[in-house]
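Asks: build the 3D model from these lines:
(one chain, ligands or ions: 1)
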Amino acid sequence: MADDVRPPAWVPVPAASSAAARRRMQATRGRDTAPELALRRELHRRRLRYRVDMPVVPDLRRCADVVFPRARLAVFVDGCFWHGCPQHATSAKSNAAFWAAKIAANQARDADTGRRLREVGWTVVRIWEHDTAEAAADHVHSVLRRIAEAGTAADLFP
Ligand SMILES: [Zn+2]
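Replies: Numbering: from 1, shown residues only. Modelled structure (predicted):
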């Protein structure tokens, strides 16, 4: 997901205080992260066709990482650190308040994005970067099947 790396205006931006923090900041460039690429490769291998980095709702300037337009399924691949994965998000030791605020803002935005997409009939799947590409693709695949079975995108599967 194309993260906006700027914190809210009221949060003072600390200098990247360690190599790890610098790596995290660099790693949030947004598109084509390794987990996204792995998921896309796995989906492609299963002959599922999708769009990439697509703005799903016109007035919502947030791109989903993988989009199935006909099924109206938006997939977001969330970085464990940036989106507050319960397993991996607790590693920031320095500037803890800064990162906590940043992550809380991301989570609020994620929830808002999901709400707004569901309001207009989309299905939203969020994948953690720690998920294996295979498990993530299994999840996406099963959701696609459910959507197809519900009759809204019955022509998705040959
Ligand atoms: Zn994680």
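Asks: quick one: the strands in this protein?
Replies: Assigned by DSSP state E, the strands in the chain fall at 51-55, 63-68, 73-78, 123-128.
Asks: any chance you could list what contacts the shortest one?
Replies: Meaning strand 51-55. Ala2, Arg31, Arg40, Arg61, Arg62, Cys63, Ala64, Asp65, Val66, Val67, Phe68, Pro69 (CB atoms under 8 Å, 6 or more residues apart in numbering). Backbone N, C-alpha and C define where each C-beta goes, glycine included.
Asks: by residue count, what's the longest helix in this structure?
Replies: helix 96-119 (DSSP state H).
Asks: what is that one packed up against?
Replies: Contact partners of helix 96-119 among helices and strands, from 3 or more CB pairs under 8 Å, 6 or more residues apart in numbering; DSSP states H and E: strand 73-78, strand 123-128.
Asks: relative orientation of the first one and strand 51-55 in degrees?
Replies: If I follow you right, that is strand 73-78. 90 degrees (axes from the mean of the first three to the mean of the last three CA atoms, to 10 degrees).
Asks: how near is Val143 to the ion?
Replies: 20 Å (CB to the ion, to the nearest Å).
Asks: same check on His139?
Replies: 15 Å.
Asks: OK, contacts around that residue?
Replies: Val125, Ile127, Asp131.
Asks: how about the contacts made by the residue nearest to Asp65 when sequence neighbours are not counted?
Replies: Spatial nearest neighbour of Asp65, chain neighbours left out: Val77 (4.7 Å); criterion: CB to CB, 6 or more residues apart in numbering. By CB under 8 Å, 6+ apart, the contact list for Val77 reads Met1, Thr33, Pro35, Glu36, Leu39, Asp65, Val66, Ile127, Trp128, Glu129, Ala136.
Asks: may I have the beta-bridge partners of Val77?
Replies: Ile127 (DSSP bridges).
Asks: now do it, the pLDDT please.
Replies: On pLDDT, Val77 comes in at 95.
Asks: how near is Val75 to Asn106?
Replies: Look at Val75 and Asn106: by CB to CB, to the nearest Å, they are 17 Å apart.
Asks: those two: which is more packed in?
Replies: More crowded of Val75 and Asn106, by other CB atoms under 10 Å: Val75, with 26 against 21.
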